[in-house]
Every structure is written in structure tokens, then in C-alpha cells.
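*Asks:* Dropping the sequence and predicted coords here.
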Amino acid sequence: MFVLVEMVDTVRIPPWQFDRNLNDSIAEELNKKLANKVQVHFRYVVFHPFLDEILIGKIKGCSSEGVHVSLGFFDDILIPPESLQQPAKFDEVEQVWVWEYETEEGAHDLYMDTGEEIRFRVVDESFVDTSPTGPRSAEAAATSEEPPKKEAPYSLVGSIIEPGLGLLSWWTNS
Amino acid sequence: MARKDGNSVLLSNYEVFQLLTDLKEQRRESGKNKHSAGQQNLNTITYETLKYLSKTPCRHQSPEIVREFLTAMKSHKLTKAEKLQLLNHRPVTAVEIQLMVEETEERFTEEEQIEELLHTVMSVLPAEPEAEQKTDASGDVEMNEEGRA
């Protein structure tokens, strides 16, 4: 679920930081010019699951939108109702999604409780530009009644519709 | 800021776990208390990621184990993504294998082949110490009908 990404950036090093932990070639370069710009190559470890990857997380809660899952360090995972084990129903009172698992004796309700560990497949991802858009939109936002909706810059859509997916407790050896 | 290559390299949970563990050790040894907002964010994400990873099979892996695993996987002709998932998850049932390996019906014509792969994964990669007692020897899956604890 992690990748290593190489990046290049140009960084301004102000004069008073020139003597700090820079390697010799950079230091030499810096001594030639004032208010230097230094090109820096670096690698980021990025959380970026690939499409169809299987992950295990914890149920954060349920809403009509679906089941919200968290990995602790990453929170924006949603399993929509159509991707739950079917048939599924949303219990409004307890605010929890339920798998109406069918047996010969009839439907057996399996609850998707908060805190439960869940195995899911990554089926989609979404990147949203959350950078400020400028004065015009700020004006529009000021006149509207609703508070601006906070969108996560990166979010995942999961599915638990296949055998073996869903709560770990549904599939453990007993 | 610009990306250097088109490709990014897949990392195993073990590699990230090791990197973060080393980073934590380095920062502790340097003794500097950096309370800038940026450093706090880094501390938080490191803490949370380590917390998550330490509850997964990579906790008991090592470079030797990873190497042994990759060697053992050669004969099974799996893709990088498939091997990565097996390494990260250490599946203990055929159902899990089928989730992580594509088109097992076409590629594993005999049921024994899946069992063989499962056996290899389980023997090369160390388990959670308590989990070994829970796992049924046959690797069969039963639907657990407990609705709620």
C-alpha cells in the first residue's frame, strides 16, 4: 500500500542556514552566490494503494453513505451500500449497516459495528484539489448559508462484496 | 515540485515499518525537541503508521525472510502486486489467496496448487505467536454465524 516517489524541487536556502548540514558540493555552490536557490532531489514514501489491492482496516462508523473505514494513519475510506455483502440494510436507530445473511433458517443479521476489523478491496480513488481558489469564491461562500464542506484531498472507495471480504470475524477459522 | 520518473516503486509493509522504526530511533537519539508544526505532523503520521503496521505480519519479518519468501514464490509465477499482498497479509486460507491472486481458476488448475502456495506462504512467513494456535490445520474456512459479540 506504500510507494516510493522521487521528486525534484528547488529550495531557497536563506544565508543564515548555509552552515547547516549541507554536503560539500552544495556548500561550495552556495559560497559562489548570494540568496541561493538549491535544487533538491528527494524521495517520499507515499501511501497509495493500487487498484484492487486488499487492505484491512477498522470500522469508524456507518452512515447512509455507507461504511466508513480507517487505517489509523489514513481515514478517508468509504464502502458504499451497493458494495456491501448483499442483501444489506441500514439500521436507522442504531446507525449501523447490517448484512442480512441468508441461511436455511432465514435471515441472520450480521452487524457492521464500529471498531470491528474489516478486510476490503480498493476499487476506486479520488483526488480533490483542496487549495484555496481565490477571492471570488470566498465571496460566494460568504453569501451562502451552509458551511463549506470539507473534502479530503485523497480518498478511497472500497468493496466487500466478495467471499472472504467484510468483517474478519465473519470468516475466521473456529 | 515535480516528479522525477513516471514510475513509482512499490514498497512492502516491512520496508516502511523498518524505515519508520529507524527514523524514530534517529530522532530519539538526536535528542532535539523539534516542536514545529511540520515536525509534529511528521511525528503523528509516523506514530499512527507504525501503530498500524506493528499489528500486521511485517512485524515479524526481516530482510532474510523477505528474500526467502521471494525465492520460494518464483515457481508460482505471480505478479509483483500479488507477491506483495501475500507478503503483507500472510493469508492462512484458500479464500484469501483467491482474493489476492487473480484468476486462480485458470492459473491453478489443481486445488493442490493453491494449497501448496498457501503452505509455502505460511511456512516461510512467521505468524503472530498467539495466532498459530487459533489457525485450523486444514486451512478451511467456516462462516462464523455470530452476529454480535
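*Replies:* Looks like it came in fine.
*Asks:* near chain B, which residues of chain A?
*Replies:* A:1-9, A:41, A:45-48, A:50, A:53-54, A:56, A:71-73, A:101, A:103, A:108-111, A:113, A:119, A:121, A:162-165, A:169-174 (CB under 8 Å from any CB of the partner chain). All C-beta atoms are positioned from the backbone trio N, CA, C, and that covers glycine.
*Asks:* helix/strand/coil for the closest residue to B:Ile45 other than its chain neighbours?
*Replies:* Leaving aside its sequence neighbours, B:Ile45 sits nearest to A:Phe73 (CB to CB, 6 or more residues apart in numbering or on different chains; 5.8 Å). Taking DSSP: H, G, I helix; E, B strand; the rest coil as the rule, one finds A:Phe73 in the coil state.
*Asks:* A:Phe73: what's it in contact with?
*Replies:* Shown in contact with A:Phe73 (CB atoms under 8 Å, 6 or more residues apart in numbering or on different chains): A:Phe47, B:Ile45, B:Glu48, B:Thr49, B:Lys51, B:Tyr52.
*Asks:* Check B:Leu70 too.
*Replies:* So B:Leu70 contacts B:Lys83 (CB under 8 Å, 6+ apart).
*Asks:* and the gap between it and B:Leu78?
*Replies:* Using CB to CB, to the nearest Å, we find B:Leu70 at a distance of 10 Å from B:Leu78.
*Asks:* again with B:Leu118
*Replies:* Going from B:Leu118 to B:Leu78 by CB to CB gives 13 Å.
*Asks:* With B:Arg90 instead?
*Replies:* 15 Å.
*Asks:* The two: which has the busier surroundings?
*Replies:* The neighbour comparison of B:Arg90 against B:Leu78 (other CB atoms under 10 Å in any protein chain shown) goes to B:Arg90, with 22 against 18.
*Asks:* Quickly note the distance from the spatially closest residue to A:His48 that is not a sequence neighbour to B:Asp22.
*Replies:* Residue nearest to A:His48 in three dimensions, not counting chain neighbours: A:Val3, with 5.0 Å by CB to CB, 6+ apart. Applying CB to CB, the value for A:Val3 to B:Asp22 is 19 Å.
*Asks:* Buried residues, stretch A:93-112. List them.
*Replies:* A:Val96, A:Trp97, A:Val98, A:Trp99, A:Tyr101, A:Leu110, A:Tyr111, A:Met112 (16 or more other CB atoms under 10 Å in any protein chain shown).
*Asks:* Check those and tell me the two furthest apart.
*Replies:* Across the buried residues of stretch A:93-112, no pair lies farther apart than A:Val96 and A:Tyr101, at 14.7 Å, counting by CB to CB.
*Asks:* Next, the buried residues of the one helix or strand the residue nearest to A:His48 maps to.
*Replies:* Using DSSP states H and E, A:Val3 maps to strand A:2-12. By 16+ other CB under 10 Å, the buried positions in strand A:2-12 come out as A:Phe2, A:Val3, A:Leu4, A:Val5.
*Asks:* As TSV, these with distance to A:Tyr154 and pLDDT would be great.
*Replies:* Shown next, in TSV, are the buried residues of strand A:2-12 (distance: CB to CB, whole Å; pLDDT from 0 to 100):
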residue	distance to A:Tyr154	pLDDT
A:Phe2	14	94
A:Val3	13	93
A:Leu4	17	91
A:Val5	14	88
